[in-house]
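Novice: sequence and predicted structure are below.
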Amino acid sequence: MIGLIGAMAVEMEKLMADVEDRTETTVGMDRYVTGRLYGQEAVLAICGPGKVNAALCAGGMILRYHPQWILNLGVAGAGDRDVGICDMVVATGAVQHDFDTSHLGDPVGLVSKINLVEFPCDAALRERLVRAAEQIPGIHVHCGVIATGDQFIDREADRERIHRLFGAKAVEMEGAAIAHACYTYGVPCGILRSISDGANEQSPMDFGTFAALAADHTQRVVELVLKGLTA
Ligand code: SAH
């Protein structure tokens with residue numbers, strides 16, 4: 001079984017609509033939809049924005065369904081100036097940019113207990129995502145670090161700081177939390193994001209304009225990846 005998690009309904013609705021033989025199970029505040037999606041056994045969930053929502057949903061999914069891998073898909077702000085709106089970013093790894101005990105001498109982003117700054121993403125899944133994303137016409141595909149925190153980044157100075165600290169290609173609010181849950185339980189994970197805004201002063205407006213289109217692109221990539229697994 002494959003696990004798919006998005007934060008918002010708009011990021012998952014096309015995939016949700018295509019699930020066959022569906023079953024729905026509610027655990028706590030999370031609704032898990034299982035069934036066949038493009039020929040694959042899958043479990044899908046909308047986790048809600050933010051790291052705690054995302055980690056709870058991913059942890060619950062892993063313990064209940066034991067997915068062979070989990071993909072987090074959705075929209076994000078650009079982390080780097082060379083990443084444009086509607087470009088796609090596939091994560092090599094993910095950091096929690098707002099985990100900060102640096103005043104005690106730790107590196108910014110070091111997650112205590114796990115003792116890691118960057119949570120790894122699965123290389124084979126990344127390859128599949130990149131190959132599929134490259135099939136969407138007119139889209140630039142970037143690979144790199146994705147930075148996660150419990151903030152909508154809409155100031156160029158904040159984006160620049162996160163880029164300087166981590167080399168982030170995208171900023172969002174769930175990816176590293178899902179990677180953290182996956183790391184905890186030894187489940188391979190991937191993060192695919194389509195850029196809805198520049199993580200700058202125009203972001204509140206651009207997010208409203210581009211989120212649905214960007215979310216649609218990532219769902220098309222997932223369709224290609226899942227269909228490719230049976231081909
Ligand atoms: N109350 C709103 C909150 C959306 S938060 C709702 O529930 O719809 C924005 C979402 O888009 C998050 O899931 C985040 O991962 C992503 N995102 C897009 N642009 C972002 C940015 N500039 N900074 C942080 N997250 C961003």
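Specialist: Looks like it arrived, so ask away. Numbering: from 1, shown residues only.
Novice: next one, pLDDT for the nearest residue to Pro120 once chain neighbours are set aside please.
Specialist: Of all residues not flanking Pro120 in the chain, Gly93 sits nearest, at 5.1 Å (CB to CB, 6 or more residues apart in numbering). Placement of C-beta: from N, CA and C, glycine included. Per-residue pLDDT puts Gly93 at 98.
Novice: and what of Ala231?
Specialist: Note on Ala231: pLDDT of 66.
Novice: which SS state does Tyr32 fall under?
Specialist: strand (DSSP: H, G, I helix; E, B strand; the rest coil).
Novice: contacting residues for it?
Specialist: 24-26, 43-45, 60-61, 64-65 (CB atoms under 8 Å, 6 or more residues apart in numbering).
Novice: and stretch 56-65, what's its mean pLDDT?
Specialist: Mean predicted lDDT for stretch 56-65 stands at 98.
Novice: now name the helix or strand holding the residue of the chain found nearest the ligand.
Specialist: Minimum separation of the chain from the ligand (CB to the nearest ligand atom) falls at Gly77, amounting to 2.6 Å. Taking DSSP states H and E as the criterion, the element that holds Gly77 is strand 69-78.
Novice: quick one: the helix or strand following that strand to strand 69-78, angle?
Specialist: Downstream of strand 69-78, the first helix or strand assigned by DSSP H and E is strand 88-96. Angle of strand 88-96 versus strand 69-78, following axes from the mean of the first three to the mean of the last three CA atoms, to 10 degrees, is 100 degrees.
Novice: around the ligand, which positions in the chain sit nearby?
Specialist: 7-8, 49, 74-77, 152-154, 171-174, 196-197, 199, 203, 207 (CB under 6 Å from any ligand atom).
Novice: bridging residues for the residue of the chain closest to the ligand?
Specialist: Per DSSP bridges, the residues bridged to Gly77 are Val171, Asp197.
Novice: run a quick neighbour tally on it.
Specialist: Neighbours of Gly77 under the rule other CB atoms under 10 Å: 28.
Novice: wait, it touches Ile195, no?
Specialist: Yes - contact between Gly77 and Ile195 holds when scored by CB atoms under 8 Å: they sit 7.0 Å apart.
Novice: now do the shared contacts for the two.
Specialist: Shared contacts of Gly77 and Ile195, counting by CB under 8 Å, 6+ apart, come down to Ala170.
Novice: and the contacts of stretch 103-113?
Specialist: Stretch 103-113 is touched from outside by 95-97, 99-102, 116-119, 165-166, 180, with contacts defined as CB under 8 Å, 6+ apart.
Novice: at 10 Å instead, please
Specialist: By CB atoms under 10 Å, 6 or more residues apart in numbering, the surrounding residues in contact with stretch 103-113 are 95-102, 115-119, 147-149, 161-162, 165-166, 176, 180, 183-184.
Novice: now, those residues that are in strands?
Specialist: 95-96, 118-119, 147-148 (DSSP state E).
Novice: list only buried entries from these.
Specialist: Applying 16 or more other CB atoms under 10 Å to the ones in strands among the contacts of stretch 103-113, the neighbour count classes 95-96, 118-119, 147-148 as buried.
Novice: would you mind getting the angle between the longest helix along the chain and strand 88-96?
Specialist: Of all the segments assigned as helix in the chain under DSSP state H, the longest by residue count is helix 203-230. Between helix 203-230 and strand 88-96, the angle comes out at 110 degrees (the same axes, to 10 degrees).
Novice: I am finished for the moment; much appreciated.
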